[in-house]
Every structure is written in C-alpha cells, then in structure tokens.
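Chemist: based on what follows, work out the 3D shape:
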Amino acid sequence: MSTDLVPLAVVMWAVTYPSRAIGLLTPGIHRLPRPALDYLQLVGPAVLAAIAAVNTLFPTAGSSTIEVGVAWISVAACIALVAWRRSLFLGLVAAVAIAIVGRAIGLA
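Modeler: Sure, this is the predicted structure:
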C-alpha cells in the first residue's frame, strides 16, 4: 500500500473543510435568512454525495465503465439510513463499515 497521496488528502481537507463546515459551526448563523442557512447547511452533504457518486460509478482513475460492487451497497445503505434516521453520521458510519467488511471478504 502506498501513502504517497496522504499529504495531498490532508491539504485538500484543510482547503475544503471550512466551506463544508461553515453551515454547522458558525456561531449566530441562525440569524441568516432561511435560504442562506439552508444552502450552507447542505453544502457538506452535497459534497459527500458528489464524491460518493463519482467513486461509486467510476472507482478506478480514468475508467469510463460503470462497475457494480460493494460501494453501491455502501452508498445505498447510507442513503437509506439518512432518510430513515435523519442522521448523516449514522449513514456514513454504516457505509464505511459495509465497505470495510466487503473489502475484507474480497467483494471489492
């Protein structure tokens, strides 16, 4: 396993996290107009959904074919749990757990 891209991932997290977290962490944000508040609170889940969609549909770099695997099950479980329990955290934890188990038993 190569760790060459870990520094890049850390830099990307540091650059993108503030824009994703502003809707959740800013004090006094409840005083913003409702449309602005809705927008800011949905930026994080929208970014996660976009990342999940791309990595689920095209899991290898430069791939142009759609592959069906354990990632589809993970994303579907995440969506179902978020819709049912109204908890993004619970959905993400379940998706990660399914992906880990699926890869450990050789499904991915």
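Chemist: tell me how far residue 41 lies from residue 34.
Modeler: Distance of residue 41 to residue 34, given as Cβ to Cβ, to the nearest Å: 11 Å. Quick note: C-beta positions are derived from backbone N, CA and C, even for glycine.
Chemist: for the helix or strand of the chain with the lowest mean pLDDT, which outside residues touch it?
Modeler: Least confident helix or strand, the chain: helix 34-57 with a mean of 77, by mean pLDDT, DSSP states H and E. For helix 34-57, the surrounding residues in contact (Cβ atoms under 8 Å, 6 or more residues apart in numbering) are 16, 19-24, 26, 29-30, 32, 66-67, 71-72, 74-75, 78, 88, 92, 95.
Chemist: those residues, buried ones only, as a ChimeraX selection?
Modeler: Filtering those down to the buried ones (16 or more other Cβ atoms under 10 Å) takes a single ChimeraX command:
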select :20,23,71,74,75,78,92,95
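Chemist: now intersect the contacts of helix 34-57 with the helices, please.
Modeler: Among the contacts of helix 34-57, the ones falling in helices (DSSP state H) are 16, 19-24, 71-72, 74-75, 78, 88, 92, 95.
Chemist: need the worst-confidence member of those residues.
Modeler: Lowest pLDDT among the ones in helices among the contacts of helix 34-57: residue 23, with 62.
Chemist: buried sites along stretch 31-48?
Modeler: 40, 43, 44, 48.
Chemist: I'd like these as JSON lines, with distance to residue 100 appended.
Modeler: Output for these, formatted as JSON lines (distance: Cβ to Cβ, whole Å):
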{"residue": "40", "distance to residue 100": "31"}
{"residue": "43", "distance to residue 100": "27"}
{"residue": "44", "distance to residue 100": "22"}
{"residue": "48", "distance to residue 100": "17"}
